[in-house]
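[1] could you look at this predicted model? Sequence included:
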Amino acid sequence: MNTPTDAPTRRVHVEVNGTPIVRDVECRKHLVDFLREDCGLKGSHLGCEHGVCGACTVRMDGHIVRGCLVLAAQADGHRIETVETPAPSPALKALQEAFVEYNALQCGYCTPGMLMAALDIVEYQPDADREQVRVGISGNYCRCTGYHAIVDAVCAVLERQRAGLAAQEVPA
Ligand code: FES
Ligand code: FES
């Protein structure tokens, strides 16, 4: 977490939620500490800090990464998205609404990372079935919900998305 002032630093240029950011960061600082401490974005959480729990999941160049396993210096020149993005995509907005609708969160600690993992499924596996959704979120621990409500919420978004696409494909 916070480190001595004489630690080596590196200047990074990162786009975070659409905003270009330039900071001198300690070389050993990981991405989630950078987001939380340097960018003021507290949505991404730390749990295990060794790549197991998924609480730190964010997106780098459109793909999910473990924020605790990526150094801030490695994000130099890349595009980062967190749950706080001011202009959520329709898919992220739909997931946020579905999580509320299906009561897919309790304490909320896992939720930012879970939403990012779910977004990955909705965007890259639009035909995912319930089992594939389970596999897709299997890298994200939730200690409250028992996962069923989360799976329900993600499946609902996928079904609505497919129904929407199907409707568009029907000739007038
Ligand atoms: Fe990164 Fe647990 S804090 S995977
Ligand atoms: Fe509490 Fe998932 S809602 S850990």
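    Here it is on my side, so go on. Ligands and ions are numbered 1, 2, ... in the order given.

[2] give me the phi and psi for the residue nearest to residue 85 when sequence neighbours are not counted.
    Nearest residue to residue 85, sequence neighbours excluded (CB to CB, 6 or more residues apart in numbering): residue 17, at 4.3 Å. For every residue, glycine as well, the C-beta is placed using N, CA and C. The phi/psi pair for residue 17 (degrees, to the nearest 10) reads phi 50, psi 40.

[3] mean confidence for stretch 102-115?
    The average pLDDT within stretch 102-115 is 97.

[4] can that stretch be said to contact ligand 1?
    No - judged by CB under 6 Å from any ligand atom, stretch 102-115 makes no contact with ligand 1; its nearest approach is 7.8 Å.

[5] what do you get for stretch 120-138?
    No - with CB under 6 Å from any ligand atom as the criterion, ligand 1 is not reached by stretch 120-138; the gap is at least 12.7 Å.

[6] that stretch: end-to-end distance?
    One end of stretch 120-138 sits 13 Å from the other (CA to CA, to the nearest Å).

[7] so for that stretch, what gets flagged as buried?
    120, 121, 122, 128, 133, 134, 136, 137 (16 or more other CB atoms under 10 Å).

[8] is any part of that stretch close to ligand 2?
    No - Stretch 120-138 lies out of reach of ligand 2 by CB under 6 Å from any ligand atom, never closer than 10.8 Å.

[9] export the buried residues of stretch 120-138 as a markdown table, with columns for secondary structure.
    Putting the buried residues of stretch 120-138 into a markdown table (DSSP: H, G, I helix; E, B strand; the rest coil) gives the following:
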| residue | secondary structure |
| --- | --- |
| 120 | helix |
| 121 | helix |
| 122 | helix |
| 128 | coil |
| 133 | helix |
| 134 | helix |
| 136 | helix |
| 137 | coil |
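
[10] cool, thanks, signing off.
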